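*Asks:* got a predicted structure here, sequence first:
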Amino acid sequence: MAWDCRIDTGHSPLPDLSPDEIEQQIIRAYVQLVFAAENTAGVRTTLVARFCSLEVRLSELPDASGVQDLPPFWLEIYSHTTRSAVDSLGCFEFDQAELAMAVDLVLKARHRRELYH
């Protein structure tokens, strides 16, 4: 399968994303989780960005699956080429530190797109 290698943020393809634009995209995805349908396990997921065959997804676990120290929000880089997650980051509340780490994860996905294409 040939992948369109434009960066897709769900709104309009952009040639490149700045860290501020990535942060805004993560915040939008966080808000969109409220409207996302739950899967059979009660997990809500929304797309943050797509880079060729890589997707960055934001998921919310139901009540953190009953584990006290498990973050309720997870950013995941998913490869359609390998059909697996290649990296992830758990977040509790998206404070400034967590948001900065989340932006770094999306930047990693953008740089990895050539490896998984």
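*Replies:* On my side now, so go ahead.

*Asks:* residue 44: what's it in contact with?
*Replies:* Residues in contact with residue 44, defined by CB atoms under 8 Å, 6 or more residues apart in numbering, are 33, 36, 37, 38, 59, 60. Glycine gets a C-beta too; all of them are placed from N, C-alpha and C.

*Asks:* swap the cut-off to 10 Å and go again
*Replies:* By CB atoms under 10 Å, 6 or more residues apart in numbering, the contact list for residue 44 reads 32-38, 58-62, 73.

*Asks:* now residue 27
*Replies:* Neighbours of residue 27 in contact, by CB under 10 Å, 6+ apart: 48, 94, 99, 102.

*Asks:* how about a cut-off of 8 Å?
*Replies:* With CB under 8 Å, 6+ apart, residue 27 has these contacts: 94, 99.

*Asks:* check which helix or strand it maps to.
*Replies:* Using DSSP states H and E, residue 27 maps to helix 19-32.

*Asks:* ok, residue 100 next?
*Replies:* helix 96-112.

*Asks:* tell me what angle that helix forms with helix 19-32.
*Replies:* Relative orientation of helix 96-112 and helix 19-32, computed by axes from the mean of the first three to the mean of the last three CA atoms, to 10 degrees: 110 degrees.

*Asks:* so for helix 96-112, what gets flagged as buried?
*Replies:* By neighbour count with 16 or more other CB atoms under 10 Å, helix 96-112 contains the buried residues 98, 99, 102, 103, 105, 106, 108, 109, 110, 112.

*Asks:* can these go into TSV with extra columns for distance to residue 69 and pLDDT?
*Replies:* Shown next, in TSV, are the buried residues of helix 96-112 (distance: CB to CB, whole Å; pLDDT from 0 to 100):
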residue	distance to residue 69	pLDDT
98	15	96
99	20	96
102	19	96
103	23	95
105	20	93
106	24	92
108	24	85
109	26	83
110	30	81
112	28	76
